[in-house]
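Engineer: Provided below for reference: sequence and predicted model.
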Amino acid sequence: MKKNILQLWLTAFCMILLHGNALAAEPSGKVAFDHDKTGYFLNGQHISVACESCHIRGIFRGTPKTCNGCHTQGSPIASSIKSISHVQTRAQCDDCHTESSWDTVRMDHGSLTGSCSTCHNGSSNTGKPANHVASSNECSSCHLSIAWIPARFDHGTITAQCSSCHNGVTATGKTPTHIQSSNTCDDCHGTRGWTPARFDHGSVTATCYSCHNGTTATGKNRTHITSDNTCNNCHTTSGWTPAGFDHSNVSGNCSSCHNGVQATGKGQNHFVTTLQCDTCHRTTAWVPALTFSHTSANYPGNHTGSNPACNDCHTANSQTITYAYPQYGTECAACHAGDYRSDKHESCAITATTCNNISMSGFYNCAGTCHKSTPEHRVSGSDW
């Protein structure tokens, strides 16, 4: 028994000697410990961190080995946790940061869970400059995560009207020969290209003729009715035909159109005349026609009271009269010489001269001598 007790004391003494030598081998009283054998390699800032910073209350077992095990709100250690303003991400700390410093960082946009604008807002990080195209805030619609440029363009995210960019300065705008129109480009153009383009007359601000002049676009052809250049007085934007017609816009005379070729003209039995249609007819219809009023100085007297038919005088159905008695010129007797009755002139007094059996050759201007033009060419006190 004594021998066994002696051996135990000797063993304990040897261990004390060995432990003492180990303590003496380390400066500043620290015990030499190879942390790599734990499977967690100390690098960067972790080398100088005090043991108790991670091993709380001297507990070694169960100490976290991942970044978020320590650097996360609510962890037992909760050391240098992510700030509230940190970029929203599902990545681990070492996906972006190194163990040397939080500030030494590489960026992995693929691990971000928030939208671009949560960081690229001009405060936390570079955002849209003042002259940026007005658009929604999703940077990734056009930009890549490796650099701002080159960038693709997505018109679908633009919030301003086309001309705010397509003004000829920021981006291609209307050319000098462009049709005068409003600045709403997408009324006619698509976002894939300027051409092909559809056309919306509702956006045009100039007159029809500024485009439909036969050069820029189809204009009036050679056989078009002579008229002013206001196309929409008769035509619509859906097509040239069918067209309405407004006679008030015609600048030519009636017969320039109503010639029997372009439009209805005079029929075969029409009164032969050089007068224009609107002398007798209205623009609403050919009939009824206006009553013709003679204004020529060659028209003898006023026949409206007797209301003769045109063919009573115009026997050849022409505006040129073939007088029965052409020797009397255009005086009353040229038509009425055959109506002369000498027995009715016996009591006629002309300037105190008795007109017994007066001859027509002496007084062929009936109305200028005795007979009045109204009413019905009667002489006072006489039946003719």
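Structural biologist: Great, that's in hand. Numbers count the residues shown, from 1 in each chain.
Engineer: mind checking which helix or strand Ala334 is in?
Structural biologist: helix 333-336 (DSSP states H and E).
Engineer: identify the residues contacting the closest residue to Gly69 other than its chain neighbours.
Structural biologist: Spatially, and ignoring its direct neighbours in sequence, Gly69 is nearest to Ser75 (5.8 Å; Cβ to Cβ, 6 or more residues apart in numbering). (Glycine included, C-beta is placed from N, CA and C.) Contacts of Ser75 were listed using Cβ atoms under 8 Å, 6 or more residues apart in numbering, and they are 64, 68-69, 81.
Engineer: mind listing what the nearest residue to Cys277 once chain neighbours are set aside touches?
Structural biologist: The shortest distance from Cys277 to any non-neighbouring residue, by Cβ to Cβ, 6+ apart, is to Cys254 (3.6 Å). Cys254 is in contact with 276-278, counting by Cβ under 8 Å, 6+ apart.
Engineer: among those residues, who's most crowded?
Structural biologist: Counting neighbours by other Cβ atoms under 10 Å, Cys277 leads the contacts of Cys254 with 19 neighbours.
Engineer: could you measure from that one over to Thr291?
Structural biologist: 15 Å (Cβ to Cβ, to the nearest Å).
Engineer: then Ser255?
Structural biologist: Taken as Cβ to Cβ, the span from Ser255 to Thr291 is 21 Å.
Engineer: more neighbours, the two?
Structural biologist: Counting neighbours by other Cβ under 10 Å for Ser255 and for Thr291 shows that Ser255 has the greater number, 15 against 8.
Engineer: surely the more buried one is in a helix?
Structural biologist: Yes: counting by DSSP: H, G, I helix; E, B strand; the rest coil, Ser255 is found in a helix.
Engineer: in this structure it contacts Gln276, no?
Structural biologist: Yes: taking contacts as Cβ atoms under 8 Å, Ser255 lies within contact range of Gln276: 6.3 Å.
Engineer: between these two, which contacts overlap?
Structural biologist: What both Ser255 and Gln276 touch, as defined by Cβ under 8 Å, 6+ apart, is an empty set.
Engineer: okay, Pro176: pLDDT?
Structural biologist: At Pro176, the pLDDT value in this model is 88.
Engineer: again, but for the one 10 residues further on
Structural biologist: The predicted local confidence for Asp186 comes out at a pLDDT of 88.
Engineer: how deep is it tucked in, by neighbour count?
Structural biologist: Asp186 has 11 nearby residues by other Cβ under 10 Å.
Engineer: what's the per-residue pLDDT of the closest residue to Thr126 other than its chain neighbours here?
Structural biologist: Leaving aside its chain neighbours, Thr126 sits nearest to His120 (6.0 Å; criterion: Cβ to Cβ, 6+ apart). For His120, the model assigns a pLDDT of 87.
Engineer: quick one: His120 from His97, how far?
Structural biologist: 20 Å.
Engineer: go on, His281?
Structural biologist: 97 Å.
Engineer: same question for Pro196.
Structural biologist: 53 Å.
Engineer: kindly report the same for Ala91.
Structural biologist: Counting by Cβ to Cβ, the gap from Ala91 to His97 is 10 Å.
Engineer: contacting residues around the residue lying closest to Val133 once chain neighbours are set aside?
Structural biologist: Leaving out its chain neighbours, the residue that sits closest to Val133 by Cβ to Cβ, 6+ apart is Cys165, at 5.5 Å. Contacts for Cys165 (Cβ under 8 Å, 6+ apart) come out as 133, 158, 171.
Engineer: am I right that Asp36 sits in a strand?
Structural biologist: No: per three-state DSSP, Asp36 lies outside any strand segment and is helix.
Engineer: how many residues are close by the closest residue to it other than its chain neighbours?
Structural biologist: Nearest residue to Asp36, sequence neighbours excluded (Cβ to Cβ, 6+ apart): Leu42, at 7.7 Å. A total of 14 residues lie near Leu42 under the criterion other Cβ under 10 Å.
Engineer: now do Pro129
Structural biologist: With other Cβ under 10 Å as criterion, Pro129 counts 7.
Engineer: what do you get for the one 3 residues further on?
Structural biologist: Neighbouring residues of His132 were enumerated by other Cβ under 10 Å; the total is 8.
Engineer: where does it land in three-state SS?
Structural biologist: Per three-state DSSP, His132 ends up coil.
Engineer: show me what contacts it?
Structural biologist: So His132 contacts nothing (Cβ under 8 Å, 6+ apart).
Engineer: neighbour-wise, which of Pro196 and His97 wins?
Structural biologist: Taking other Cβ under 10 Å, Pro196 and His97 do not tie; His97 has more neighbours (18 against 9).
Engineer: apart from its chain neighbours, what residue comes closest to the more buried one?
Structural biologist: If the residues on either side of it in the chain are set aside, His97 comes closest to Val105, at 5.4 Å by Cβ to Cβ, 6+ apart.
Engineer: likewise for Ala171?
Structural biologist: Cys165 is the one closest to Ala171 (Cβ to Cβ, 6+ apart), at 4.8 Å.
Engineer: for the one you found, give me phi and psi.
Structural biologist: Main-chain dihedrals, Cys165, degrees, to the nearest 10: phi -110, psi -50.
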